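Trainee: what would the 3D arrangement of this be:
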Amino acid sequence: MACLESVFCVYSNVSDYNTGMGGMVQAGRKPIGKPLKSRTPQGVWGVPTLDVPAKARHNFSIPPRHSLRKVATLPPHILLIFLDGIGLGADDPTINPFAAADTPTLNALAGGNKWLAATGRVVSERAVFIPTDPRLGVSGRPQSATGQTAIITGRNAPTELGEHYGPYPNPAVRAIIDESSLFKRLAAHGKRGAYLAAYPPTLHAAIERGKRLRTALQHAAHTAGVRIGTVDDLNAGRAMSADFTGQGWRDVLQYPDTPVMSALESGVRLAELAYTHDFSLFSTWITDEIGHRGPLERGTTFLEVFDAVMKGLLQTWRDEDGLIIITSDHGNMEDISIRQHTLNDVPTVIIGGGRDAFSEGLAALTDIAPRILAALTDERLP
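Mentor: Predicted coordinates for the structure are as follows:
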């Protein structure tokens, strides 16, 4: 659904955010409070990115880069950033936010190229950019449940089920996750895993009442005993918002006191959180929701904010401290004109120390989990 032209974006379906697909404000309701001076022309949720008074900011104690060097002696860390529903599409700025957005940081990770179908595999100064197969030998449009399961287990869920399935995992998909969750395998080796995204109380309550299902990634964390973030975790700085900055919790979810960061600060915060765990997963549904509802401008805005997040993350992250992995489960947002999943490859970006060895032979979603497990333990998946 397109944003209202009167500055604030609201959604018509209150359940969207509960299911990980959108906002929580009914159409026509206005956010609490008055908008402050805009820092950028647009914000991630279709609202301005606002300047927040210092007293209203959460004290995250964001350090300069050099102060994080003390962690260099720790075992490698892996941060997996999951952007739901992004594929590699055409170089057409009228339908593809990746073609339209100004994203110098993301482009640098692909050797100065935009994230497009024509880009191909690229080795850049700090990253390996890999077009990755989400179809996995099964006909039909890739779906969220089986795609996410392939990422987090290394198993070809579409082949095992005989179809692409989603958006939420059915009993057969959950059984695969229960057996093979990367979180579980890492925990068996004494490794600390974290799920870094926070969700509102309405979602947690709906799940507990059996009214909503967890996504495949949420289920993989939950079944391993990994905490799924709450508003308390967001307030304490232990988890982050799906929009990275936290502005949506104020303007869409109507939580006026939750912390807000700039996009750059959000990238630093991601590094800080990842440095406290062996394996961390941050997941956002917003990209897929934009792909289904549009408009193009909202996708462009989100990518430009994500670009700034990555700038902050890369300025903080030391390559010798581990790997950052960016990937997705299926295409969608790269073609706003069709408002449905695509058959396109998805981008996988490997950043940091050991990226060349990690990326060698990586071609499909099922190749990610085995490499993470091998990087952090001595276990190898069959």
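Trainee: separation between residue 358 and residue 338?
Mentor: As judged by Cβ to Cβ, to the nearest Å, residue 358 and residue 338 stand 33 Å apart. The way it works is simple: take the backbone N, C-alpha and C, and place the C-beta from them, glycine included.
Trainee: now residue 212
Mentor: On the measure of Cβ to Cβ, residue 212 and residue 338 end up 27 Å apart.
Trainee: more crowded one of the two?
Mentor: Taking neighbours as other Cβ atoms under 10 Å, residue 212 and residue 338 compare with residue 212 leading, 18 against 11.
Trainee: so the more buried one sits right up against residue 205, yeah?
Mentor: No. The pair residue 212 / residue 205 is not scored as a contact, 9.0 Å apart, by Cβ atoms under 8 Å.
Trainee: and residue 371, that one's in a strand?
Mentor: No. Assignment of residue 371 by DSSP: H, G, I helix; E, B strand; the rest coil gives helix, placing it outside any strand.
Trainee: and stretch 85-97, how far out from the chain middle?
Mentor: 18 Å (Cα atoms, centre = their mean, to the nearest Å).
Trainee: could you give the mean pLDDT of it?
Mentor: For stretch 85-97, the mean pLDDT works out to 98.
Trainee: now the strands for the stretch 1-150 of the chain?
Mentor: 77-83, 122-123, 127-132 (DSSP state E, counting those that start in this stretch).
Trainee: remind me what the longest one packs against, helices and strands.
Mentor: It stands for strand 77-83. helix 263-274, strand 279-284, strand 322-327, helix 368-376 (3 or more Cβ pairs under 8 Å, 6 or more residues apart in numbering; DSSP states H and E).
Trainee: redo that, cut-off 6 Å
Mentor: strand 279-284, strand 322-327 (3 or more Cβ pairs under 6 Å, 6 or more residues apart in numbering; DSSP states H and E).
Trainee: next, give phi and psi for the nearest residue to residue 278 once chain neighbours are set aside.
Mentor: Spatial nearest neighbour of residue 278, excluding adjacent residues (Cβ to Cβ, 6 or more residues apart in numbering): residue 191 at 4.0 Å. Per-residue torsions, residue 191: phi -90, psi 140 (degrees, to the nearest 10).
Trainee: which residue ranges of the stretch 51-200 of the chain form helices?
Mentor: Assigned by DSSP state H, counting those that start in this stretch, the stretch 51-200 of the chain shows helices spanning 97-100, 104-109, 144-153, 157-161, 171-180, 182-188.
Trainee: next, count neighbours for residue 340.
Mentor: 11.
Trainee: contacting residues for it?
Mentor: Residues near residue 340 by Cβ atoms under 6 Å, 6 or more residues apart in numbering: none.
Trainee: can you tell me the SS state at it?
Mentor: coil.
Trainee: mind checking how far it is from residue 86?
Mentor: Taking Cβ to Cβ, one finds residue 340 at 14 Å from residue 86.
Trainee: with residue 309 instead?
Mentor: Applying Cβ to Cβ to residue 309 and residue 86 gives a distance of 14 Å.
Trainee: what of residue 232?
Mentor: Using Cβ to Cβ, one gets 30 Å for the distance from residue 232 to residue 86.
Trainee: between those two, tell me which one has more neighbours.
Mentor: A count of neighbours by other Cβ under 10 Å puts residue 86 above the other of residue 232 and residue 86, at 30 against 11.
Trainee: ok, the more buried one - contacts?
Mentor: Neighbour list for residue 86: 287, 328, 333 [criterion: Cβ under 6 Å, 6+ apart].
Trainee: now the angle between strand 77-83 and the helix ranked longest in the chain, please.
Mentor: Looking across the chain with DSSP state H, the single longest helix is helix 296-316. Calculated by axes from the mean of the first three to the mean of the last three Cα atoms, to 10 degrees, helix 296-316 forms an angle of 170 degrees with strand 77-83.
Trainee: how far off centre is helix 296-316?
Mentor: Per Cα atoms, centre = their mean, the centroid offset for helix 296-316 relative to its chain is 12 Å.
Trainee: could you give the angle of that helix to strand 127-132?
Mentor: 140 degrees.
Trainee: can you point out the buried residues in stretch 165-182?
Mentor: Neighbour-count burial for stretch 165-182 flags 165-169, 173-174, 176-177, 180-182 (criterion: 16 or more other Cβ atoms under 10 Å).
Trainee: go on, stretch 264-272?
Mentor: So, applying 16+ other Cβ under 10 Å, buried residues of stretch 264-272: 264-272.
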